[in-house]
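**Q** what's the 3D shape of this:
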Amino acid sequence: MTDLDLLEKRLAFIETCVRELRELARPAELERDVRERRFVERTLQLAIQATLDVASHIVSDERLGEPDTNRALIDLLVGAGWLGEEQREALGNMAGFRNVLVHGYTAVDVAIVRGVLAHHLEDLEGFVTSVRRRLRASGAARR
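**A** Numbering: from 1, shown residues only. Modelled structure (predicted):
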């Protein structure tokens, strides 16, 4: 059974991370300020991980399949109508970027981090919107 409270907490957390990145991040300082870089990278990592946690919960609860990668997790949500086809590539790329953040350490390209900040935070917001829309349509959402 879908744990609606858990999903809503994770969705709200994603929104908080995105809001903090928009309000607090200083992209121009990423190369010079190690604290800034770590704040941005860690906050992105947490937001993306929360996205994958929600996706995993839905895939498991809905018995959509057994994904062997985070990209496959996104594919299953697209296939089941939880996400639009237009979200597949962007969210799949986010899942891959999360792996670089977690495992890449010094290999993280600052230009890519800056690009995610400038052009892809809305992909995370779109995920939240899509999941809430689907929950509302099923009568499961509380908001």
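**Q** Next one: the residue of the chain positioned farthest from its centre from residue 114, what distance?
**A** Most distant residue from the mean C-alpha position of the chain: residue 32, 26.3 Å away (C-alpha atoms, centre = their mean). Distance of residue 32 to residue 114, given as C-beta to C-beta, to the nearest Å: 13 Å. (Glycine included, C-beta is placed from N, CA and C.)
**Q** thinking again about what came up before, how much space separates the residue farthest from the centre of the chain from residue 115?
**A** Counting by C-beta to C-beta - residue 32 and residue 115 are separated by 18 Å.
**Q** repeat for residue 22
**A** Distance from residue 22 to residue 115, by C-beta to C-beta: 15 Å.
**Q** Neighbour count for the two, which is higher?
**A** Here residue 22 and residue 115 are compared on neighbour count by other C-beta atoms under 10 Å; more neighbours surround residue 115, at 13 against 10.
**Q** ranges for the helices of this structure?
**A** Remark: helices assigned in the chain by DSSP state H are 4-24, 34-62, 70-79, 85-103, 110-119, 121-137.
**Q** can you redo these as TSV with mean pLDDT?
**A** Formatted as TSV, the helices of the chain follow (pLDDT from 0 to 100):
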stretch	mean pLDDT
helix 4-24	96
helix 34-62	96
helix 70-79	96
helix 85-103	93
helix 110-119	94
helix 121-137	96
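**Q** Surely residue 88 and residue 75 touch.
**A** Yes. With contact defined as C-beta atoms under 8 Å, residue 88 counts as touching residue 75 (6.6 Å).
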